[in-house]
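got a structure for you, letters missing:
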């Protein structure tokens, strides 16, 4: 079975840094566009007042966790697809995609049922007023349609990424992003003959954009792999056994995300006890850090995909080490670029947020030394994590993140803020300390070379 239009490993050659770049840049731009859409939606809704923004904030507590969980399982599926693609085995490729899709659908369906049954009670407790609660519920129930569309889109995206076609997911956002923005504006404010739906209009705009993205990806999948389902059999004899095997591989990756999400939420709750200026600085810097960090993180993700293809192809340990060494060196170049971007971001904060209090500006400036250092250990740790996942060692990464989250980050944040009342610059430095804690654990596992033969 030929997989047309892919950057594949149909020969025994070792991928180059150029191969990684060709795979990474569409992933980076797609991630930047995803974060930008969130910022744009919040900006549009902010004109409706603080209550509307608060309603979206409450709704995203539920949607963010469910979407993130399905994305985490889809990322695990991406590795299984890459291994199957490297083996050039239609049965394995079919198994990886359809089992991953089934897992995503079941988890999304279960999460949607829980949201419908229990979100109303939780929202009533979280909201400061009845109008905020009503807005959150109305927005949330429409946004469930977005979750349905993204459940299928994330599985299709992971399939294409695993096969090396990372541009398709980027192209899907070039289609969906303008649709999302235009329809959201029209439905929020009732323009061009559309009904004025206010806050709910933003959710409908997001769904229309997500639906267009899903349709495009489904069409491209049909064109490239319309006969994939005809491959006879499953990797592990039966569908049930194959789903169980893939779930066993995937759940540590999803658990890693869930642990990180809960730890971040706990830390944010702790930050809220700081002065309003320091808390505002932490809130403002977070989305910028995430967007700029994608420049290096997608490089490590592309490295993991190509490495999974090489492992599936049964390339020699020498070839694996040669490829990883080159990719690792280039990752530090990407980290240096991220550090430069961080410096530019901090330097432009006075212009971007011209109305900020001087205390907030000084707090943002205090983050700069950490931002110049942290990209380097972070990108190296990310390389290790993606290598281990590509080799099938998902539990090691989970255990390291659990220790870093709950033995280092959360308790030390509580001590620094609640007990010692340290300056926000020292609190922000805990992000670097967390990466330094993970550094020897990840690298020791890589240096043992056990990942060469895992899968």
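Cool, the structure landed. A quick note: this is a predicted structure, and the numbers were derived from the prediction, not measured.

okay, now the nearest residue to residue 64 once chain neighbours are set aside: neighbour count?
Leaving out its chain neighbours, the residue that sits closest to residue 64 by CB to CB, 6 or more residues apart in numbering is residue 261, at 7.6 Å. Heads up, the C-betas are built off the backbone N, CA and C, glycines and all. Neighbour count for residue 261, taken as other CB atoms under 10 Å: 16.

hmm, residue 65 and residue 261 touching each other?
Yes: if you go by CB atoms under 8 Å, residue 261 and residue 65 touch, sitting 6.2 Å apart.

secondary structure element for residue 315?
For residue 315, there is no enclosing helix or strand under DSSP states H and E.

how close does it get to residue 322?
Distance, residue 315 to residue 322, using CB to CB, to the nearest Å: 10 Å.

repeat for residue 342
31 Å.

can you check residue 387 too?
In terms of CB to CB, residue 387 sits 14 Å off from residue 322.

what of residue 72?
30 Å.

more crowded one of these two?
Between residue 72 and residue 322, counted using other CB under 10 Å, the more crowded position is residue 72 (23 against 13).

wait, that one sits on residue 261?
No: using CB under 8 Å, residue 72 is not in contact with residue 261; the gap is 9.5 Å.

low-confidence ranges, the stretch 251-400 of the chain, go.
Where the stretch 251-400 of the chain drops to pLDDT under 70, the residues are 352-355.

let me know the helix or strand that residue 35 is in.
Residue 35 is part of helix 17-46, with elements assigned from DSSP H and E.

and that helix, which residues are buried?
Buried residues in helix 17-46, counted by 16 or more other CB atoms under 10 Å: 17, 19-20, 22-33, 37, 40-42, 44-45.

what pLDDT, on average, does the helix or strand just after that helix get?
Going down the chain from helix 17-46, the next helix or strand is helix 50-87, by DSSP H and E. For helix 50-87, mean pLDDT is 84.

other SSEs contacting helix 50-87?
helix 17-46, helix 90-126, helix 130-162, helix 199-225, helix 239-271, helix 276-312, helix 375-390 (3 or more CB pairs under 8 Å, 6 or more residues apart in numbering; DSSP states H and E).

again, only this time at 7 Å
Counting contacts by 3 or more CB pairs under 7 Å, 6 or more residues apart in numbering; DSSP states H and E, helix 50-87 packs against helix 17-46, helix 90-126, helix 130-162, helix 239-271, helix 276-312.

what residues of that helix count as buried?
51-56, 58-60, 62-63, 65-67, 69-87.

hmm, back to that, pipe the helices and strands packed on helix 50-87 into TSV and attach distance to residue 223 per row.
Below are those laid out as TSV (distance: least, CB to CB, whole Å):
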stretch	distance to residue 223
helix 17-46	18
helix 90-126	15
helix 130-162	12
helix 239-271	25
helix 276-312	21
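
nearest to residue 434 among those helices would be which one?
Nearest to residue 434, of all those, is helix 239-271, at 9.5 Å by CB to CB.

so how far is that closest one from its chain's centroid?
Distance of helix 239-271 from its chain centroid, counting by CA atoms, centre = their mean, to the nearest Å, is 12 Å.

pLDDT score for the spatially closest residue to residue 213 that is not a sequence neighbour?
Computed as CB to CB, 6+ apart, the closest residue to residue 213 that is not its neighbour in sequence is residue 176, at 3.8 Å. With respect to pLDDT, residue 176 has a value of 90.

quick check: the gap between residue 176 and residue 361.
36 Å.

stretch 166-179: which residues count as buried?
166, 167, 168, 169, 170, 171, 172, 173, 176, 177, 179.

what's the nearest residue to the fourth one if we skip its chain neighbours?
Put plainly, it is residue 169. Nearest residue to residue 169, sequence neighbours excluded (CB to CB, 6+ apart): residue 157, at 4.3 Å.

now swap in the second one and tell me
Spatial nearest neighbour of residue 167, excluding adjacent residues (CB to CB, 6+ apart): residue 26 at 4.5 Å.

from residue 294, how far out is that neighbour?
Between residue 26 and residue 294 the distance is 12 Å, computed by CB to CB.

likewise residue 171?
Distance from residue 171 to residue 294, counting by CB to CB: 18 Å.

repeat for residue 270
Taken as CB to CB, the span from residue 270 to residue 294 is 26 Å.

the two: which has the busier surroundings?
Shown here are residue 270 and residue 294; by other CB under 10 Å, residue 294 has more neighbours (20 against 17).

what's near enough to touch the more buried one?
Counting by CB atoms under 7 Å, 6 or more residues apart in numbering, residue 294 makes contact with 28, 31, 32.

hang on, isn't the first one packed against residue 297?
No: under the criterion of CB atoms under 7 Å, residue 28 lies out of contact with residue 297, with a separation of 8.1 Å.

residue 196: what secondary structure?
Secondary structure assignment for residue 196 (DSSP: H, G, I helix; E, B strand; the rest coil): coil.

who's in contact with it?
189, 190.

please apply the same query to the one 3 residues further on.
Residue 199 sits next to 45, 48, 52, 55, 135, 138, 139 when contact means CB under 7 Å, 6+ apart.

quick check: the gap between the fourth one and residue 286.
Spatial separation of residue 55 from residue 286 under the definition CB to CB is 21 Å.

then the fifth one?
The spacing between residue 135 and residue 286, counted by CB to CB, is 24 Å.

the helix holding residue 35 to helix 130-162, inter-axis angle?
On the basis of axes from the mean of the first three to the mean of the last three CA atoms, to 10 degrees, helix 17-46 is oriented at 170 degrees to helix 130-162.

state the mean pLDDT of helix 17-46.
On average, helix 17-46 scores 79.

same check on stretch 419-431?
Mean predicted confidence for stretch 419-431 is 92.
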